[in-house]
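Asker: A structural model of the following input is requested.
(one chain, ligands or ions: 2)
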Amino acid sequence: MSTWIAGLPEQARAVLDPVHYDYYAGGVGDEVVLGENEAAFRRLALLPRVLRGRSERDLSVELPGGRLDLPVLIAPTAFHRLAHPDGELATARAAAAAGTVLVSGVAATVAIGEVVAAARSAAADASVWFQLYPQPDEDVTACLVERAERAGCAALVVTADSPVFGRHRRDAEHGFHDLPAGLAAENMRDLPGAPPGGVRDIEMSPSVSWAHLDRLRELTSLPVWLKGVLHPADAVLAVEHGMAGIVVSNHGGRQSDLAPAAVEALPAVVDAVAGRVPVVLDGGVRSGGDVAVALALGAAAVGVGRPVLWGLAAAGEPGVARVLDVLRDEFDHVLALCGGRDPADLTRDLVVARGTGVFARCG
Ligand SMILES: Cc1cc2nc3c(=O)[nH]c(=O)nc-3n(C[C@H](O)[C@H](O)[C@H](O)COP(=O)(O)O)c2cc1C
Ligand SMILES: CC(C)CC(=O)C(=O)O
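Answerer: Ligands and ions are numbered 1, 2, ... in the order given. Alright, predicted model coming up:
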């Protein structure tokens, strides 16, 4: 990990309200998965290939919903205005300037229309994606989809790993349940079932099903990604239900504390999908080396969550820009060291488990 990214949580902690720091940093239960997401990357190594590189590498990838100049997108995280007054506006500008995508959450503290406008102010061709939880009241879901389309989003990301809220001990200890006065989940304003100007709660429901997803898909022509898939059988179902892509994720260790590390779940999902749709990985990505390992295991790109929040808290838009720049630079360097010319040169035969000899291949 770059020393700068490694030091970011402490920089952020120094400026954040401790309650908000813990909201961002924390995980579910004993925070086993939170730690494992990063630790699992440390258990993997990449075998370099020699004498096949080139001096200029092409880091770009093409995904349903846009082309990324580097295979790193910004995973959806809630409430960026807890980190910095510019909130999602700063994150969107930094992502667009770096040539990548911000997946802006339904729980953003800036409405999606303004987020897209901010991204386009930094790069006219910027793509912003919109993440949502399918709401048990399908009129609310339909309204959110329409808002994302009207705003000009290029893809939807439906999060499926949250049938109930994860139990976050740090938040419970602080009694953190509400945003401070003046901040709100702006996309949830003025929705069916709320009084004019009122903000509806984001609801989780264990009864949200594949049928909800089918109906959601009928509402839109945008590509729909499914986020929070860990079981290969669910990946197959996602393809059968017309998903344009899959995000392998355990929600950054914030939902089930019994889940495997995200990178350990990745190869089986990639195999099950068998190239029919792209697979993105998020959880524990902290360096360009982690990006390279995930791509070698079959991810088309990775998402980063907390490092972006730390960069935003520490330095606003330039902080997010620097996180992306460091990841790009490190990834490019590792790719060169592996004799890679572009991401497609990172293949699974390069990945080995540390401490078990080169014949113990992963995946
Ligand atoms: C503070 C915080 C808020 C999050 N909010 C959302 C959200 O609203 N929707 C969602 O799908 N995922 C959410 N996530 C999960 C991220 O999209 C992503 O899966 C996770 O952060 C990746 O792990 P990383 O933080 O180790 O990079 C959140 C994560 C954090 C840390
Ligand atoms: C508003 C919340 C549901 C956001 C979230 O997904 C999280 O905090 O992990």
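Asker: Pull the number of nearby residues for the closest residue to Pro18 other than its chain neighbours.
Answerer: On the basis of Cβ to Cβ, 6 or more residues apart in numbering, the spatially nearest residue to Pro18 that is not a chain neighbour turns out to be His174, at 7.7 Å. Yep, even glycine has a C-beta here, placed from its N, CA and C like the rest. Around His174 there are 17 other residues, counting by other Cβ atoms under 10 Å.
Asker: and His174, what is it in contact with?
Answerer: Applying Cβ atoms under 8 Å, 6 or more residues apart in numbering, one finds that His174 lies in contact with Pro18, Val19, Asp22.
Asker: and the last one, how many neighbours does it have?
Answerer: In other words, Asp22. For Asp22, the number of neighbouring residues by other Cβ under 10 Å comes to 18.
Asker: Asp201 in helix, strand or coil?
Answerer: Using DSSP: H, G, I helix; E, B strand; the rest coil as the criterion, the local structure at Asp201 reads coil.
Asker: who in the stretch 51-200 of the chain is up against ligand 2?
Answerer: Ala78, Ala107 (Cβ under 6 Å from any ligand atom).
Asker: So, low pLDDT: which residues of the stretch 51-200 of the chain?
Answerer: Under the criterion pLDDT under 70, no range of the stretch 51-200 of the chain is flagged.
Asker: Up against ligand 1, what does it have?
Answerer: Ala75, Pro76, Thr77, Ala78, Gly105, Ala107, Gln131, Thr159.
Asker: I'd guessed the second one sits against Val128; true?
Answerer: No. At 10.8 Å, Pro76 and Val128 do not qualify as touching, with contact defined as Cβ atoms under 8 Å.
Asker: Touching both of these two, which residues are there?
Answerer: In terms of Cβ under 8 Å, 6+ apart, Pro76 and Val128 are both contacted by the residues Val103, Ser104.
Asker: higher neighbour count, the two?
Answerer: Neighbours were counted for Pro76 and for Val128 using other Cβ under 10 Å; Val128 has more, 28 against 23.
Asker: For the more buried one, which residues are in contact?
Answerer: With contacts taken as Cβ under 8 Å, 6+ apart, Val128 has the following neighbours: 92, 95-96, 101-104, 112, 115-116, 119, 151-154.
Asker: Mind jotting down where the strands sit in this structure?
Answerer: If DSSP state E is used as the criterion, the strands of the chain fall at 44-46, 61-63, 66-68, 72-74, 102-105, 128-132, 155-159, 224-229, 245-248, 279-282, 301-304, 351-353.
Asker: How many residues are close by the closest residue in space to Phe130 that isn't next to it in sequence?
Answerer: The shortest distance from Phe130 to any residue other than its chain neighbours is 3.6 Å, reached at Ala148 (Cβ to Cβ, 6+ apart). Residues lying near Ala148 (other Cβ under 10 Å) number 27.
Asker: And Ala148, how far from ligand 2?
Answerer: 17 Å (Cβ to the nearest ligand atom, to the nearest Å).
Asker: Kindly report the same for Lys227.
Answerer: With distances defined as Cβ to the nearest ligand atom, the gap from Lys227 to ligand 2 amounts to 10 Å.
Asker: looking at the sheet around that residue, what are its partners?
Answerer: In this structure, Lys227 has beta-bridge partners Thr159, Val247, where bridges are defined by DSSP bridges.
Asker: pLDDT wise, what is it at?
Answerer: Lys227 is assigned a predicted lDDT (pLDDT) of 99.
Asker: and if you look at the one 10 residues further on?
Answerer: Leu237 is assigned a predicted lDDT (pLDDT) of 99.
Asker: ok, it - contacts?
Answerer: When the contact criterion is Cβ under 8 Å, 6+ apart, the partners of Leu237 are Trp210.
Asker: that older thread, reformat the contacts of His174 as CSV; add pLDDT and distance to ligand 2.
Answerer: Formatted as CSV, the contacts of His174 follow (pLDDT from 0 to 100; distance: Cβ to the nearest ligand atom, whole Å):
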residue, pLDDT, distance to ligand 2
Pro18, 98, 17
Val19, 98, 13
Asp22, 98, 12
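Asker: Of the residues you listed, which is the nearest to ligand 1?
Answerer: Distance ranking of the contacts of His174 against ligand 1, using Cβ to the nearest ligand atom, places Asp22 first at 9.9 Å.
Asker: Looking at the stretch 101-250 of the chain, which residue is nearest ligand 2?
Answerer: Nearest to ligand 2, among the residues of the stretch 101-250 of the chain, is Ala107, at 3.8 Å (Cβ to the nearest ligand atom).
Asker: Chain neighbours aside, what residue packs nearest to that residue?
Answerer: Setting aside the residues directly before and after it, Ala107 is nearest to Ala78 in space (Cβ to Cβ, 6+ apart), at 3.5 Å.
Asker: surely the one you found meets Val110?
Answerer: No. With contact taken as Cβ under 8 Å, Ala78 and Val110 are classed as non-touching, separated by 11.7 Å.
Asker: For the stretch 251-363 of the chain, which residues are neighbours of ligand 1?
Answerer: For the stretch 251-363 of the chain, the contact set with ligand 1 under Cβ under 6 Å from any ligand atom comprises His251, Gly252, Arg254, Asp282, Gly283, Gly284, Val285, Val304, Gly305, Arg306.
Asker: Let me have those in a markdown table, extended by neighbour count.
Answerer: As requested, these are arranged in a markdown table below (neighbours: other Cβ atoms under 10 Å):
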| residue | neighbour count |
| --- | --- |
| His251 | 22 |
| Gly252 | 25 |
| Arg254 | 25 |
| Asp282 | 28 |
| Gly283 | 36 |
| Gly284 | 27 |
| Val285 | 28 |
| Val304 | 26 |
| Gly305 | 22 |
| Arg306 | 22 |
